[in-house]
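Trainee: Fold the following for me, if possible:
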Amino acid sequence: MLKPFYTLITFLTIGAYTYGQQNLAQILNMQSPPKIYAAKKTKEPILIDGIADEATWKDALWSDDFIDIEGNVKPKPRFNTKVKMLWDDTYLYLYAQLEEPHIWSTLTEHDAIIYHDNDFEVFLKPSQHQSLYYEIEVNALNTIMDLMMAKPYRLGGEAIMHWDVKNLKSAVHIEGTLNTPNDIDQYWSVEMAIPFASISSFGRASTPKVNDFWHINFSRVQWQHSIENGQYKRKVENRKRLTEDNWVWTPIGIINMHYPEKWGYIQFTDDIETNELPKSHRIEQIAWDFYYLQQLYAERTQAKYSDKLELLPGFDSVLKNKMAGIKHALTINKSKTLYKIELTDTINHLKVTIDNFGNYNISHETSL
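Mentor: As a prediction, this is how the structure comes out:
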């Protein structure tokens with residue numbers, strides 16, 4: 001019975017590294033610091049109508065403008081996008097404004113593939129201790145696609161499409177005219193109230209506490225268009241549809257939103273403005289950078305992993321300067337096809353483990 005088990009493990013190990021980055025340049029491009037948004041708690045009722053004219057919205061700060069998903073290596077987006085956030089004991093509130101001279105949309109069925117239209121997307125990971133995260137997409141017709149991911153696609157995850165954000169409130173406002181090619185529009189805006197109770201899991205408290213951090217990011221998919229018989233279409237040249245633009249709040253560094261460890265942060269504040277990263281950020285990034293570099297090493301060595309950090313490709317440029325105050329213990333099997341590393345942040349009293357399958361766990365001071 002042992003032989004089939006080890007055969008399976010070997011197969012999974014070989015398969016695991018194929019989800020990694022293709023080269024070191026991509027990993028270096030994934031080192032941008034994350035954005036942080038301090039969302040203030042509101043006591044004012046908010047009507048979800050897509051307009052955000054309540055006083056509490058007017059007091060909320062705008063986020064930084066969106067940039068290309070690959071960061072500053074790509075041109076600045078043609079149209080501006082920005083968001084605001086608020087929260088109370090029941091909802092996370094979002095308001096996004098998307099500059100757009102030609103507002104068009106076609107999809108009307110819930111859980112259609114909304115990014116086939118121009119869309120706005122929300123990515124939310126409430127817990128550090130679970131790989132689970134959520135995605136909500138919306139187009140200018142206020143058609144919703146929502147899904148849950150147990151883990152990212154690159155780690156073998158699959159979209160759970162039958163899951164819905166129960167009691168989600170959303171609305172779209174259009175400054176211009178929808179699906180009318182013969183005029184110039186200004187923008188479309190999205191307003192949402194996401195119930196905390198609908199994004200809780202496994203018995204964990206759903207409502208955040210003051211000063212809690214969650215991973216969050218936003219994406220805007222934007223297609224170039226043509227007009228055929230008075231209707232907008234995704235633009236085709238030489239019989240090939242042009243690639244979409246992906247504009248985001250916090251850049252990932254590669255064209256893939258499903259890297260939750262590379263998203264930005266929302267900090268749930270009472271009434272204070274802050275711009276500090278969570279204490280867990282540094283050690284979390286070290287763990288994932290180690291994982292990325294091990295994937296590269298395995299690609300170059302026929303699915304073998306390194307038993308020394310210093311031998312990893314890119315160690316000097318990616319990891320070396322981050323390791324001050326970090327202790328590590330690397331466990332690897334004899335054939336170097338399985339590993340697990342334990343990282344300890346001696347300053348912030350945090351411990352992280354990650355293995356070759358991307359299984360990640362963090363322990364806080366109270367459990368050390």
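
Trainee: which residues does residue 229 contact?
Mentor: If a contact means Cβ atoms under 8 Å, 6 or more residues apart in numbering, then residue 229 has no contacts. C-beta here means a position set from N, CA and C on the backbone, and glycine is covered the same way.

Trainee: Just to check, residue 303 is in contact with residue 338?
Mentor: No - taking Cβ atoms under 8 Å as the definition, residue 303 is not a contact partner of residue 338, at 10.5 Å.

Trainee: buried stuff in stretch 310-328?
Mentor: For stretch 310-328, burial by neighbour count (16 or more other Cβ atoms under 10 Å) applies to 312, 313, 314, 315, 318, 319, 326.

Trainee: Sorry, slip of the keys, the one I care about is stretch 128-143.
Mentor: Buried residues in stretch 128-143 (16+ other Cβ under 10 Å): 128, 131-143.

Trainee: same deal with stretch 218-229?
Mentor: 218, 219, 220, 221, 222, 223, 225.

Trainee: Contacts made by the helix or strand the third one falls within with the rest, please.
Mentor: Residue 220 is located in strand 213-222, with elements delineated by DSSP states H and E. For strand 213-222, the surrounding residues in contact (Cβ under 8 Å, 6+ apart) are 37, 66, 69, 77-79, 81, 83, 96, 98, 115, 118-126, 133, 208, 244-250, 257, 260-261, 263-268, 278, 280.

Trainee: picking up where we left off before, out of the buried residues of stretch 310-328, which is nearest to residue 165?
Mentor: residue 318 (36.3 Å; Cβ to Cβ).

Trainee: Can you get me a residue count around the nearest residue in space to that closest one that is not next to it in sequence?
Mentor: Excluding its sequence neighbours, the residue lying closest to residue 318 (Cβ to Cβ, 6 or more residues apart in numbering) is residue 289, at 5.3 Å. By other Cβ atoms under 10 Å, 20 other residues sit near residue 289.

Trainee: for the protein, what's the longest helix?
Mentor: helix 281-300 (DSSP state H).

Trainee: mean confidence for the helix or strand that it is followed by?
Mentor: Later in the chain than helix 281-300, the nearest helix or strand by DSSP H and E is strand 326-332. Average pLDDT, strand 326-332: 97.

Trainee: So for the helix or strand just after strand 326-332, what gets flagged as buried?
Mentor: Using DSSP H and E, the next helix or strand after strand 326-332 towards the C-terminus is strand 339-345. Residues 339, 341, 342, 343, 344, 345 are the ones in strand 339-345 that count as buried (16+ other Cβ under 10 Å).

Trainee: before we move on, what about stretch 229-246?
Mentor: 232, 234, 244, 245, 246.

Trainee: what's the answer for stretch 30-47, then?
Mentor: 30, 34, 35, 36, 37, 38, 39, 40, 42, 46.

Trainee: Just the CA atoms of that stretch, as PDB, please.
Mentor: Extracted C-alpha coordinates of stretch 30-47, given in PDB (Å, rounded to 0.1, in the frame of the first residue of the first chain):
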ATOM      1  CA  MET A  30       6.400  41.100  -8.100                       C
ATOM      2  CA  GLN A  31       8.200  42.900  -5.400                       C
ATOM      3  CA  SER A  32       6.200  46.100  -5.400                       C
ATOM      4  CA  PRO A  33       5.000  47.200  -1.900                       C
ATOM      5  CA  PRO A  34       1.200  46.700  -1.400                       C
ATOM      6  CA  LYS A  35      -1.300  49.500  -1.200                       C
ATOM      7  CA  ILE A  36      -3.100  50.100   2.100                       C
ATOM      8  CA  TYR A  37      -6.500  51.600   2.600                       C
ATOM      9  CA  ALA A  38      -7.700  52.700   6.000                       C
ATOM     10  CA  ALA A  39     -11.500  52.300   5.900                       C
ATOM     11  CA  LYS A  40     -13.400  54.300   8.500                       C
ATOM     12  CA  LYS A  41     -16.300  52.900  10.400                       C
ATOM     13  CA  THR A  42     -19.600  54.600   9.600                       C
ATOM     14  CA  LYS A  43     -22.700  55.100  11.600                       C
ATOM     15  CA  GLU A  44     -24.700  56.700   8.800                       C
ATOM     16  CA  PRO A  45     -27.100  54.600   6.800                       C
ATOM     17  CA  ILE A  46     -26.000  54.200   3.200                       C
ATOM     18  CA  LEU A  47     -28.400  53.800   0.300                       C
END
